[in-house]
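> Here is a sequence together with a model predicted from it:
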Amino acid sequence: METLKPSTSIADQVYDVVAEEICTGQIAACEHLVQEHLAARLGVSRQPVQQALLRLRLDGLVERTGKRGLRVAPLDMDRIRNHYAIRGVLDGLAAREAARRIRADADAKRDLKTRGLEILRRGEAAVVAEDVAEQVRQDAALHQLFYAASGNPLLAKTAEPHWRVLRRAMNETLRQGDLPQEIWRQHAEILDAILAGDSEAAEDLMTAHSLDAADSLRAAYATKTVKTS
């Protein structure tokens, strides 16, 4: 039997582009999405656009409006907090297991410290530059580093669908909120706890970090609603 060769399909590429534009605010909440317009803009046929939009609906980024129309789904604060709560448990487990492994592996500790401090440096530089997209990239990179350091390959995979939704929430928080420095202070505390091998503190700090992010988004979104109403 012939083995299928992995490749990135056109539908996957369309999904990645549209998801990125939704997450970064280039396509605003409640904006209508027309298959023909997207296909023409991206230089593809309607079929991969239709497939990509179906995936975006399943991810909760797009929803039906009327009989046949589609639009970018508005942010649902309750749903987003639920995603953060689940990700907090997964990330807390990652931080706990990373700290436990660090205690017994000096090489892993050195590697985590080097890479973690570099991500913190880049994230803080992005805050100074007011580069929201880069802040989100470095935030995700740090969490991915903790997943890898945990030694559990299932954690990143399990957290992935929550990250797809929360990347949009993170962008919104950083565009509307006033706490980017606090976010990176918390990141530094979590890294310090892991490097110290303190499993309990690392897990507690990470879980609290996720719930704080959800609360910051709710506050930022409420402020935005008041300002624009």
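Right, received. Where do you want to start?
> CA only for contacts and neighbour counts going forward, please
Will do.
> Would you mind measuring from L155 to L93?
From L155 across to L93, the span is 8 Å (C-alpha to C-alpha, to the nearest Å).
> Which one's more surrounded, the two?
Neighbours of L155 and L93, each counted by other C-alpha atoms under 10 Å, are more numerous for L93; the result is 24 against 19.
> hang on, isn't L56 packed against Y15?
Yes: using C-alpha atoms under 8 Å, L56 makes contact with Y15 at a distance of 7.2 Å.
> buried residues in the helix or strand bottoming out on mean pLDDT in the chain?
Across the helices and strands of the chain, mean confidence by mean pLDDT, DSSP states H and E is lowest for helix 199-228: a mean of 80. The neighbour-count check on helix 199-228 (16 or more other C-alpha atoms under 10 Å) flags 199-218, 220-221 as buried.
> ok, now stretch 154-166?
For stretch 154-166, by 16+ other C-alpha under 10 Å, it's 155-156, 159, 162-166.
> cool, and stretch 127-144?
127, 132-136, 138-144.
> elements contacting the helix or strand hosting G116?
Using DSSP states H and E, G116 falls within helix 106-129. Contacts defined by 3 or more C-alpha pairs under 8 Å, 6 or more residues apart in numbering; DSSP states H and E place helix 106-129 against helix 77-104, helix 132-150, helix 180-195.
> what's the helix or strand for the residue most central in space within the chain?
Centroid-nearest residue in the chain, with C-alpha atoms, centre = their mean: R167, separated by 3.3 Å. Using DSSP H and E, R167 falls within helix 154-176.
> What is the burial count for R115?
Quick note: R115 (other C-alpha under 10 Å) scores 14 neighbours.
> Oh, that last question was meant for P180, not what I typed.
By other C-alpha under 10 Å, 19 other residues sit near P180.
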